[in-house]
Structure formats: C-alpha cells, structure tokens
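Provided below are the primary sequence and the corresponding predicted coordinates.
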Amino acid sequence: MNNKDLAGNSGLFQDLRNSIESFNQEKAGSIVKKMLEEKIDPLKIFSEMTETLKNIGDGFSKGMYFLPDLIGAGDVMTHVLPVIEEEIKKGGLKVHSLGNIVIGTVAGDIHSIGKTMVATLLKYAGFNVYDVGIDVSAKDFIDAVKKYNADILAMSALLTTTANEMIKVIENMGKEGIRGKVKIMVGGGAITEEFAKSIGADGYDPTAPGAVTLAKKMLNL
C-alpha cells in the first residue's frame, strides 16, 4: 500500500479528531473514507482514533467529560471501525491490543450504565472488549469467555439479590477447567472488596477509571 505521510494529511487527521469529539458519526465516516481513498495507512487512522478516545477517557477521569460524551465518542468509533478493520485485514496487518475482556451484568440484573461506562473506558485504554449485555447467565458468560479467548471476565451487579450470581459463574468456570486461565474482576453497587475476595474474584474496583487500572495490573501491563 502506498502510504502518505501523516504530516502531509494533518488537516484530515484534525478533522477526524474534531468529528469524534463532536460525536458526528456521518462526518467521521466520510473523513475515514476519504483518507482510505488517498491511501493513508489504516493503522495510522486507527491509532489516531484510539488516541483521541483515550484523551476523552482521561478527560472523563478528570471531570472534563461526562458519560454522554464517552458514549457519543464510542458510537463514532463503532460506526467507522468496521471499514478501517477491513482495510487493515486486506493489507495483512494487525492491530495491537492489550488483551481480550468479556464484560456483562449478571443474571437477574438489568442495570447497564456502570457496566457500559467501564466497557467504554476499557476500549479507550486499548483492550478488545466484548460486551455481552445485561441479565447474563453463567452459561452465557462462560460461552463468551471461550468464544473470545478472554484474558479477563468483568462482571457487574447493582442489586444485592443478584450479586451471588457471580459465585455461580466462578464455580462453573472451575468445573469447565478454565478458571485458572482467566482473571475475574467484579464491580457494581452491590459489590464490596470483601465480597469480591470471599467469592474468589481476582480484583475489585468501585470506579470505572479504577477498573482500567485494575485490568492493566491483572495482565502485568
């Protein structure tokens, strides 16, 4: 692929950053299409987008951005990423990832805001994140861990009545012989550090930014 120098396309890269920061999916899509037509390295495009998202994530941690900002910027990334990934595959290139994380809210619990916030920040940090949603059974968690070759399983529970579902997941992972291969982090309004330790989880953090730090620590990053 004949790649143009990033500096020679600074205007397009700035436009791309602006489209992400203004949550403009259509504009971002048009800019990425133009960049690819001009043979700009898709890995450079991907790197620029993830760096912009990381800056937004850091800003969120400092109170400069809010949850709607995180979700809006994440939606832009989701909108254009398939096109970029297709070009990367065509060139036989690979995107570096910090690891694979499966995340979801346990069975009987339909709360998603905290889980979504954690998933978004983990994506911004450079992890491959597979959000399996809410009200997720132990079987579905385990199936996802196997399917995506997860390094970490992240479970959330807001209700005290559903927190024990985490125990079921961990026990069944042991029966499946995969518990030792996957780190488990837990969180949510119903969870405490004491509870996390008592069920055999590998880590707990009460905040979304803290979950990112915890994930990196778990994988020695």
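Great, that's in hand.

residue ranges of the strands in this protein, please?
Ranges of strands in the chain, per DSSP state E, are 100-105, 128-131, 152-156, 183-187, 203-204.

The nearest residue to Y124 once chain neighbours are set aside: neighbour count?
Of all residues not flanking Y124 in the chain, G57 sits nearest, at 3.6 Å (C-beta to C-beta, 6 or more residues apart in numbering). In short, each C-beta sits where N, CA and C put it, glycine included. The burial count assigned to G57 is 23, neighbours taken as other C-beta atoms under 10 Å.

most packed of the strands of the chain?
Mean neighbours per residue, mean count of other C-beta atoms under 10 Å, is largest over the strands of the chain for strand 152-156, with a mean of 28.

CA atoms of that strand as PDB?
What follows is strand 152-156, C-alpha atoms only, in PDB (Å, rounded to 0.1, in the frame of the first residue of the first chain):
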ATOM      1  CA  ILE A 152     -10.400 -11.100  31.800                       C
ATOM      2  CA  LEU A 153     -14.000 -11.600  32.700                       C
ATOM      3  CA  ALA A 154     -15.600  -8.500  34.200                       C
ATOM      4  CA  MET A 155     -19.000  -8.900  35.900                       C
ATOM      5  CA  SER A 156     -21.300  -6.200  37.300                       C
END
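
and it, which strands flank it?
strand 100-105 (parallel), strand 183-187 (parallel) (DSSP bridges).

As PDB, could you dump the C-alpha coordinates of the longest one?
Which is strand 100-105. Output of strand 100-105 as PDB, limited to C-alpha atoms (Å, rounded to 0.1, in the frame of the first residue of the first chain):
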ATOM      1  CA  ASN A 100      -9.500  -9.500  25.400                       C
ATOM      2  CA  ILE A 101     -12.100  -8.700  28.000                       C
ATOM      3  CA  VAL A 102     -15.700 -10.100  28.300                       C
ATOM      4  CA  ILE A 103     -18.000  -7.900  30.300                       C
ATOM      5  CA  GLY A 104     -21.600  -8.100  31.400                       C
ATOM      6  CA  THR A 105     -24.200  -7.700  34.100                       C
END
